[in-house]
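In: sharing a model that was predicted from the sequence below.
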Amino acid sequence: MEINNVPYKIAYKDIRNPRLEFKAGNLTLHLPYGYKDEQKLLEKYENWILKKYLFIKECRELADQKILNNLSDNEFKDIASDLIKKHDLNNKINGLSFRNFKSKWASINSKNQITLNKKMAFLPEHLIEYIVFHEIMHTIEKRHGAVFKELIKKRYKDHKKYEKDLYAYWLLISDRGRS
Ligand SMILES: [Zn+2]
């Protein structure tokens, strides 16, 4: 199935509201059982779908030029700890752990403990730093609103380029897992 040349799949589920998801570049419509308004839903999110699709397409082209880093567990952990020391100027961070997330690079909880995705060991150091910096800024502002964007922009004027590169690496790492 397609909308504006964007292919998509449908997954019926035991959910109340429909949800659209781009995962590793593929669009899936998660729909409640018996849902009939698929066309309406697609029309409503047409612009969002197209924007996201073009972003992913661009990132896919970018991914062809990227080479994965291959840090050992220890190297990655050392780098991550050092980066936290570098950017956690107010000593807010209370812990650092590592796990395999399926759909995000990192997270921070209400106790200011950071968890990093182990897949970050495939990233170049400047992108590891960008992610760590992002999580530390959440000690100042929780949500991804305008305030947060300003905090990021203060250090990363070209943050959009970083986001694109990160997504390119995400696609590259996802593809790698598949082959
Ligand atoms: Zn965040």
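Out: Here it is on my side, so go on. Numbers count the residues shown, from 1 in each chain.
In: switch to C-alpha atoms for all contacts and neighbour counts from now on
Out: Noted.
In: what about the residue nearest the centre of the chain, distance to Lys118?
Out: Geometric centre of the chain, nearest residue: Lys104, 4.7 Å, by Cα atoms, centre = their mean. According to Cα to Cα, to the nearest Å, Lys104 and Lys118 sit 11 Å apart.
In: common neighbours of these two, please.
Out: Common contacts of Lys104 and Lys118 (Cα atoms under 8 Å, 6 or more residues apart in numbering): none found.
In: Cys59 is in contact with Asp165, isn't it?
Out: Yes. Using Cα atoms under 8 Å, Cys59 is in contact with Asp165, at 7.1 Å.
In: and what about the residue nearest to the centre of the chain, helix, strand or coil?
Out: Of the three states, Lys104 takes coil according to DSSP: H, G, I helix; E, B strand; the rest coil.
In: disregarding residues adjacent in the polypeptide, which is nearest to it?
Out: Distances taken as Cα to Cα, 6 or more residues apart in numbering place Asn117 nearest to Lys104, at 7.3 Å, with adjacent residues excluded.
In: what does the one you found show for phi and psi?
Out: phi -70, psi 130 (degrees, to the nearest 10).
In: buried stuff in the longest helix seen in the chain?
Out: Identified as the longest helix of the chain according to DSSP state H is helix 159-178. For helix 159-178, a neighbour-count test (16 or more other Cα atoms under 10 Å) marks Tyr162, Lys164, Asp165, Leu166, Tyr167, Ala168, Tyr169, Trp170, Leu171, Leu172, Ile173, Ser174 as buried.
In: pull up the pairing partners for the helix or strand of the chain with the lowest mean pLDDT, direction included.
Out: None of the helices or strands of the chain scores lower by mean pLDDT, DSSP states H and E than strand 2-3, at a mean of 78. The strands beside strand 2-3 in its sheet (DSSP bridges) come out as strand 6-13 (antiparallel).
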